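**Q** From the sequence below, what's the structure:
(one chain, ligands or ions: 1)
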Amino acid sequence: MRGGGSYVEYRTDDARLTIEVLKKAAESGVKAVNYAKAERFLYDEKGKATGLLVRDLIGGGEYRIRARRIVNAAGPWVDALRELDRSKRGKTLRLTKGVHLVFDGVRFPLRQAIYFDTPDGRMVFAIPRNGKTYVGTTDTDYAGDTAQPRATPEDRDYLLAACNGMFPSLRLGARDVESSWAGLRPLIYEEGKSPSEVSRRDEIFVSPSGLVTIAGGKLTGYRKMAETVVDRLAASLRADGRGPFGPCATRKLPISGGDVGGSASFTQYARTAAAEGQAAGLNADAALRIACRYGSNAGAVFRRIARRQAGERSAGLPDEVYGMLVYAIEEEMAAKPADFLIRRTGAMFFDIGWVRSNRAAVVAYMTEALQYTEAQRSDYADEVERELAAAAEI
Ligand SMILES: Cc1cc2nc3c(=O)[nH]c(=O)nc-3n(C[C@H](O)[C@H](O)[C@H](O)COP(=O)(O)OP(=O)(O)OC[C@H]3O[C@@H](n4cnc5c(N)ncnc54)[C@H](O)[C@@H]3O)c2cc1C
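**A** Numbering: from 1, shown residues only. This is a model prediction of the structure:
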C-alpha cells in the first residue's frame, strides 16, 4: 500500500438533479413540457429549422412549438433527431449500456464509496446510500431499443463476480440483488476503441438547418456544457440583431431547492428544516428524509402534509408519501405513477420494498387526482409492475 484517496463527492440522484435544474429554469421563465415527443422539424423557405411538431404522449394529438434556435440535447436519441433533420453526417453516437445492482447495506456493508479493478481491467464503484449499497457499472455496446435498456443475467453475473473477487467473504449471489437499473451512455464513436476506452468528452454539431446538437459528455460537466451552448446561441442571436443578452448565468445559480446556505451548512439546514415536518406530524426520520431530498423546497412538501384533509388520510397513503406525491404532481409534472416511483423519488432502485408497499395507494391517488380513464389507470398500473419486474427479476 503506497497511498489512497478519498472520494468526497461521489453520489447524486441524476433524475432529481435534472428536475431541480428544470424547476429553476421554469422560475426564470422557461416553459417546460413533459411527455412531449419531437416528431418532425418545421423549416422556413430557406431550410432553416423554425420549430417542431410535437406529439402529446399522454393526451394524444400534436402541437407546434416555434423557436428562433433549437438545441438537440436528446442524449442517446440525438442521432435519431439528426436523422429527422437529415443532418446525421460525420461523427455519430456509440451507445454503451451500463448496469448498476443494488444490495441491502446489511448484506454489503460499506461506509465509504470505493472503486476497484475488475479482472478485465475496468473500474467498478461500490457506493453506500441510505442503507443500501449500489455497484456499477458494466460497459457494453448496445444496439437494442434505446427506450428500454435492461439489465441481463450476464450483466448481473459480471458485477457479482467483480464484487466477490474484491470481497470474497461477502459471497454475494443473485438472490442478494434487491434492484437494478440500466442506462445508455451517448458516447461519440471513435474507431478501434473498446467501450470503456471511448472518451466521455462532449461535442457540438451545427447542422445546415441551424439545429445545434450537443452530444457525449458527463453529468458532472452539465453546467459547462450548458454554458457553452447558451453563450453560443446568444452570440448567434446577437448576430441577428437580437438581445442584449448577458453571459450564461449558470455558474453561481443554485438549483431549485439549493438555497441552503452552501454545502458546509447543509446538515444543520436539514435538521432545522425537518422541525417543520415534525410540526406537520411526521416522525423525525421521515421529516429529515424529506428535508435532505428537497432542500429549501422541503417546506412546500411539509405544508401539503399539514393541510391534508381528514378524508384524504383514509386513502392508504402515509403522510410522508402523500406530501411527496402531491408535491410531485403539482410542482414536478409527475403524470404517471412510474414518474413518481422511479424518477421523482428513486425508490424503484433504492427502496424497492417501499414501492411494493405504496404502489397501489399511489395509483389510486393519482387516478383520482389526475382523473385517469380506466384504460389509463390499468396501463399505468401495468407499467409499474413491468418496471418492478425489470428492476428486481434479473
Ligand atoms: C451507466 C451510466 C453511468 C454513468 N455514470 C456517470 C458518472 O459517474 N458521472 C457522470 O458525470 N456521468 C455519468 N454518466 C453519464 C450521464 O448519465 C449522462 O451524460 C447524462 O445523463 C446525459 O444527460 P442528457 O441530458 O444529455 O441526456 P438524457 O438524460 O438521456 O436526456 C435526454 C432526454 O431527451 C429526451 N428525448 C429524446 N428524444 C426526444 C424527442 N424526440 N422528443 C423529446 N424529447 C426527447 C429523452 O426523453 C430524455 O429525457 C453515466 C451514464 C450511464 C448510462
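**Q** Now residue 318. Nearest residue, chain neighbours left out?
**A** For residue 318, ignoring the flanking residues on the chain, the nearest one in space by C-beta to C-beta, 6 or more residues apart in numbering is residue 358 at 7.6 Å. Quick note: C-beta positions are derived from backbone N, CA and C, even for glycine.
**Q** The one you found and the ligand, how far apart?
**A** In this view, residue 358 and the ligand are 25 Å apart by C-beta to the nearest ligand atom, to the nearest Å.
**Q** thought that residue was touching residue 320?
**A** No. Using C-beta atoms under 8 Å, residue 358 is not in contact with residue 320, being 9.7 Å away.
**Q** So which of these two has more stuff around it?
**A** A count of neighbours by other C-beta atoms under 10 Å puts residue 358 above the other of residue 358 and residue 320, at 24 against 21.
**Q** Any chance of the backbone angles for that one?
**A** Main-chain torsions, residue 358, degrees, to the nearest 10: phi -110, psi -10.
**Q** Spell out which parts of the stretch 51-200 of the chain neighbour the ligand.
**A** Counting by C-beta under 6 Å from any ligand atom, the stretch 51-200 of the chain comes close to the ligand at 73-77, 81, 98, 137, 183-185.
**Q** which of those are buried?
**A** Neighbour-count burial (16 or more other C-beta atoms under 10 Å) applied to these gives 73-77, 81, 98, 137, 183-185.
**Q** before we move on, the earlier item: farthest-apart pair in the residues of the stretch 51-200 of the chain next to the ligand, please.
**A** Farthest pair in those (C-beta to C-beta) is 81 and 137. Separation: 25.6 Å.
**Q** Look at residue 40 and tell me its secondary structure.
**A** With DSSP: H, G, I helix; E, B strand; the rest coil as the basis, residue 40 sits in strand.
**Q** Skipping adjacent residues, who's closest to it in space?
**A** residue 53 (4.1 Å).
**Q** Does that neighbour belong to a helix, a strand or coil?
**A** With three-state DSSP as the criterion, residue 53 reads strand.
**Q** If it is in a bridge, with which residues?
**A** residue 40, residue 64 (DSSP bridges).
**Q** cool, residue 125 as well?
**A** Beta-bridge pairing for residue 125 (DSSP bridges): residue 115, residue 136.
**Q** Check the gap between it and residue 350 for me.
**A** Between residue 125 and residue 350 the computed distance is 15 Å (C-beta to C-beta, to the nearest Å).
**Q** So between those two, which is more surrounded?
**A** Using other C-beta under 10 Å, the more surrounded residue of residue 125 and residue 350 is residue 350, with 19 against 16.
**Q** got a list of what the more buried one touches?
**A** 102, 129-130, 132, 134, 179 (C-beta atoms under 8 Å, 6 or more residues apart in numbering).
**Q** Is there a quick PyMOL command that grabs whichever of those residues are buried?
**A** With 16+ other C-beta under 10 Å as the criterion, this PyMOL line picks the buried residues out of these:
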select buried, resi 102+129+132+134+179
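**Q** Output the contacts of residue 350 as JSON lines; include the columns secondary structure.
**A** Formatted as JSON lines, the contacts of residue 350 follow (three-state DSSP):
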{"residue": "102", "secondary structure": "strand"}
{"residue": "129", "secondary structure": "strand"}
{"residue": "130", "secondary structure": "coil"}
{"residue": "132", "secondary structure": "strand"}
{"residue": "134", "secondary structure": "strand"}
{"residue": "179", "secondary structure": "strand"}
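**Q** Compile the contacts of residue 350 into a markdown table and extend it with columns for pLDDT.
**A** Shown next, in a markdown table, are the contacts of residue 350 (pLDDT from 0 to 100):
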| residue | pLDDT |
| --- | --- |
| 102 | 97 |
| 129 | 92 |
| 130 | 90 |
| 132 | 96 |
| 134 | 97 |
| 179 | 96 |
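**Q** Tell me the one among the contacts of residue 350 nearest to the ligand.
**A** Nearest to the ligand out of the contacts of residue 350 is residue 134 (C-beta to the nearest ligand atom; 11.0 Å).
**Q** State the distance from the closest one to residue 103.
**A** The gap separating residue 134 from residue 103 is 7 Å, by C-beta to C-beta.
**Q** Tell me the pLDDT of residue 79.
**A** Looking at residue 79, its pLDDT stands at 95.
**Q** May I ask which helix or strand encompasses it?
**A** helix 78-84 (DSSP states H and E).
**Q** what about that helix, distance to the chain center?
**A** Remark: helix 78-84 is offset 22 Å from the chain centroid, using C-alpha atoms, centre = their mean, to the nearest Å.
**Q** swap in stretch 46-61?
**A** Computed by C-alpha atoms, centre = their mean, the chain-centroid distance of stretch 46-61 equals 24 Å.
**Q** Equivalent analysis for stretch 238-248, please.
**A** 31 Å.
**Q** And it, what's buried?
**A** Buried-residue list, stretch 238-248, by 16+ other C-beta under 10 Å: residue 248.
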